[in-house]
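Asker: model this:
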Amino acid sequence: MSAVGDDLRPAGTDWVKAPERSNMLALRVICALALWCGRPLTRLILHPITLYFLLFSPTQRRHVRRYLARAIGPRAGWRDGYRLLHNFASIVLDRVYFLRGRMGLFDVQVQGGEAVEAEVRAGRGAFLVGAHIGSFEALSACRQQAEAPVDLRLAMLMYPDNARRINAVLEAISLPEYRPHVIALGRPAAMLELRDWLDGGRMAGMLGDRTLAIGEDDGAQRGNRVQIDFLGQPAWFNDGPFRLAALLRRPAVFMAGLYLGGNRYQVVFEPLADFSAPAAATAPAPGGADAAAPRRARGLDPAERERRIREALETYVRRLEDLCRAHPHNWFNFHDFWLEDSPRG
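Answerer: This next block holds a predicted model:
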């Protein structure tokens with residue numbers, strides 16, 4: 001069952017304005033420890049950090065408990081919540097090393113990277129759609145495993161203001177060649193910047209498991225809210241990432257950097273939809289092939305485009321659901337995803 005919502009500011013979008021629960025001094029200390037003391041020693045402080053947030057973050061703890069009950073079932077307990085929070089702390093720490101190019105510290109397996117690499121080599125770029133699952137920075141390991149030199153620089157479409165403090169710290173300690181380029185959503189120039197980035201044969205990634213707040217100039221960047229069953233209960237998703245892919249006529253590829261514990265990661269790429277293909281009904285037009293050329297340039301028929309956008313979104317949700325069940329301690333969405341705390345109309 002699915003439905004489309006048209007309201008201008010849906011519930012559950014307060015995450016856009018939510019401040020990071022962090023202290024700049026503490027973040028700088030952790031980053032310094034990571035670089036000076038090394039990963040094994042610094043990981044020892046993750047347990048007290050995890051325990052602190054488990055005990056003193058009741059709202060986030062409630063959302064984690066609800067999610068785990070759906071992903072794991074009734075047997076989910078406080079140990080699962082602790083493990084999820086510890087995994088999150090681990091990938092935050094490892095982000096420091098990924099952004100410094102310290103790939104030798106990790107055992108990273110890449111699955112399905114050949115298709116993405118082929119798009120980049122062909123100069124078309126790759127449009128990736130991910131989720132708050134695992135480590136986004138683990139995707140940088142792909143450049144180390146490419147069979148031949150290739151530009152796998154990555155841009156991330158996001159709201160930069162929400163996590164400005166932690167991003168400032170990470171940018172200060174990262175090497176330029178490993179630092180993701182940020183394309184700010186909700187701004188008129190974002191579409192042109194994204195197009196130029198992809199035309200340069202690079203990768204761009206966007207997370208699709210949040211419903212975006214809507215502004216006056218967002219356009220296709222926000223898309224429609226679509227209600228789809230997720231882990232046994234209807235939840236709202238946004239088809240904006242796939243509208244962007246369709247507008248730019250790019251293949252959409254699912255991405256995830258799963259944390260498997262210790263120093264092990266698995267990076268997964270899977271095709272979701274190919275919006276680069278011309279319209280299926282490209283029959284010869286009266287006047288011959290030359291008359292048909294403008295029709296091909298326009299791309300997909302609107303009705304076919306809408307169908308494929310919906311199909312791509314549903315495929316994305318099913319893949320995310322499969323990963324949440326197979327790796328339940330990897331989804332780091334600490335918000336009221338199913339809107340259970342929202343006022344009922």
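Asker: Tell me which stretches of the stretch 101-250 of the chain form helices.
Answerer: 113-121, 142-145, 164-173, 190-199, 240-248 (DSSP state H, counting those that start in this stretch).
Asker: Just put those helices in CSV and tack on mean pLDDT and mean neighbour count.
Answerer: Just so you know, the C-beta spots here come from the backbone N, C-alpha and C atoms, and that holds for glycine as well. Converted to CSV, the helices of the stretch 101-250 of the chain look like this (pLDDT from 0 to 100; neighbours: other Cβ atoms under 10 Å):
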stretch, mean pLDDT, mean neighbour count
helix 113-121, 82, 18
helix 142-145, 64, 17
helix 164-173, 65, 15
helix 190-199, 89, 16
helix 240-248, 92, 24
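Asker: To Phe127, which of those lies closest?
Answerer: helix 240-248 (5.0 Å; Cβ to Cβ).
Asker: Name the next helix or strand downstream of that closest one, please.
Answerer: Remark: after helix 240-248, the chain's next helix or strand is strand 251-261, criterion DSSP states H and E.
Asker: ok, and for that next one, which residues are buried?
Answerer: Within strand 251-261, the residues that count as buried by 16 or more other Cβ atoms under 10 Å are Pro251, Ala252, Val253, Phe254, Met255, Ala256, Gly257, Leu258, Tyr259.
Asker: One more: stretch 175-192?
Answerer: Under the neighbour-count criterion of 16+ other Cβ under 10 Å, stretch 175-192 has Tyr178, Arg179, Pro180, Ile183, Leu185, Gly186, Ala190, Met191 buried.
Asker: Export those as a markdown table, with columns for distance to Trp331.
Answerer: Shown next, in a markdown table, are the buried residues of stretch 175-192 (distance: Cβ to Cβ, whole Å):
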| residue | distance to Trp331 |
| --- | --- |
| Tyr178 | 25 |
| Arg179 | 25 |
| Pro180 | 21 |
| Ile183 | 24 |
| Leu185 | 21 |
| Gly186 | 24 |
| Ala190 | 26 |
| Met191 | 29 |
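Asker: Confidence-wise, which of these comes last?
Answerer: pLDDT across the buried residues of stretch 175-192 is lowest for Gly186, at 72.
Asker: so how far is Leu157 from that residue?
Answerer: Gly186 is 10 Å from Leu157, where distance means Cβ to Cβ, to the nearest Å.
Asker: Which among the helices of the stretch 101-250 of the chain is found nearest to Leu99?
Answerer: Going by Cβ to Cβ, the one of the helices of the stretch 101-250 of the chain nearest Leu99 is helix 164-173, 5.8 Å.
Asker: Relative to Leu185, how far out is Leu198?
Answerer: Distance from Leu198 to Leu185, counting by Cβ to Cβ: 16 Å.
Asker: swap in Ile173?
Answerer: In terms of Cβ to Cβ, Ile173 sits 25 Å off from Leu185.
Asker: With Leu272 instead?
Answerer: Per Cβ to Cβ, Leu272 is found 20 Å from Leu185.
Asker: Val253 too?
Answerer: 19 Å.
Asker: Which element, helix or strand, includes the closest residue to Gln111 other than its chain neighbours?
Answerer: Once flanking residues are discounted, Gln111 sits nearest to Val268: 5.0 Å by Cβ to Cβ, 6 or more residues apart in numbering. Per DSSP H and E, Val268 falls inside strand 264-274.
Asker: what comes up buried for that strand?
Answerer: By neighbour count on 16+ other Cβ under 10 Å, the buried set for strand 264-274 is Tyr265, Gln266, Val267, Val268, Phe269, Leu272, Ala273.
Asker: hey, what's the fourth one bridged with?
Answerer: Going back to what we said before, that points to Val268. For Val268, the beta-bridge partners under DSSP bridges are Gln111, Ala256.
Asker: Who are the contact partners of it?
Answerer: Gln111, Gly112, Phe254, Met255, Ala256, Gly257, Leu258, Leu323 (Cβ atoms under 8 Å, 6 or more residues apart in numbering).
Asker: Pretty sure the third one sits against Ala273.
Answerer: I take that to be Phe254. No. With contact defined as Cβ atoms under 8 Å, Phe254 does not count as touching Ala273 (9.9 Å).
Asker: for the protein, what are the low-confidence residue spans?
Answerer: The chain contains residues with pLDDT under 70 at 1-27, 143-152, 159-167, 169-170, 211-222, 277-300, 344-345.
Asker: Could you name the helices and strands sitting against the lengthiest helix in it?
Answerer: If you go by DSSP state H, the chain has its longest helix at helix 302-326. When contacts are defined as 3 or more Cβ pairs under 8 Å, 6 or more residues apart in numbering; DSSP states H and E, helix 302-326 packs onto helix 58-71, strand 225-230, strand 233-238, helix 240-248, strand 251-261, strand 264-274.
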